[in-house]
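Colleague: After the sequence you'll find the predicted model.
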Amino acid sequence: MTSLSHINWYRKDRALHAKLAKYQPNAWPFTQAAEAFSVLGGAVDQLLRIMLLFFLQLSQESVIPQGIGQMLAALLEALWQNPQARKPLLQVRKSSTRIFGLNVVAETEFNAIFDDWLRKHSQDIL
């Protein structure tokens, strides 16, 4: 299985988990799926890519923005639990213009969710 098909499988799987959880991040099965993002030794770059693709997919579906924000915040929180992911995770926010390119609506929404989540961890970063 190539890494791209592996990522596509995870993306589809995460979207299904989100739908089954009715876009509530603390509901089954999304909670269990999000736990994979906090596992030490995981491929952080692939997990970040999966998170971003998942966010873009939810942004294109008819999901209320609050649901998208809560789901993304849950993945950010799970990644933050992995010390190896902290620096790359912070880099994603710094690189959001390059990552999202011309999709300024998604970038703006992502940045707002990320910044709100980051405020809760400001003391962790200092």
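Modeller: It's in. Here the structure is a predicted model, which is why all the values come from computation and not from measurement.

Colleague: so who does the residue nearest in space to the middle of the chain touch?
Modeller: The centre of the chain sits closest to Met51, judged by CA atoms, centre = their mean, with a distance of 3.4 Å. Met51 makes contacts with 37, 72, 75-76, 79, as judged by CB atoms under 8 Å, 6 or more residues apart in numbering. Using the backbone N, CA and C atoms, a C-beta is placed for each residue, glycine as well.

Colleague: what residues does stretch 55-74 touch?
Modeller: Under CB under 8 Å, 6+ apart, the answer for stretch 55-74 is 11, 15, 18, 23-26, 30-31, 34, 51, 54, 103, 105-106, 109-110, 112-114, 116-117.

Colleague: Next, give phi and psi for Pro65.
Modeller: Main-chain torsions, Pro65, degrees, to the nearest 10: phi -50, psi -30.

Colleague: That one: how many residues sit nearby?
Modeller: Neighbourhood size, Pro65 [other CB atoms under 10 Å]: 12.

Colleague: can you check Thr108 too?
Modeller: With other CB under 10 Å as criterion, Thr108 counts 12.

Colleague: Where does it fall, secondary structure wise?
Modeller: Element membership for Thr108, per DSSP states H and E: helix 104-119.

Colleague: And the closest residue in space to Asp115 that isn't next to it in sequence, what's its pLDDT?
Modeller: Of all residues not flanking Asp115 in the chain, Arg93 sits nearest, at 7.6 Å (CB to CB, 6 or more residues apart in numbering). Model confidence at Arg93, given as pLDDT, is 96.

Colleague: now do the one 10 residues further on
Modeller: At Asn103, the predicted lDDT confidence score is 93.
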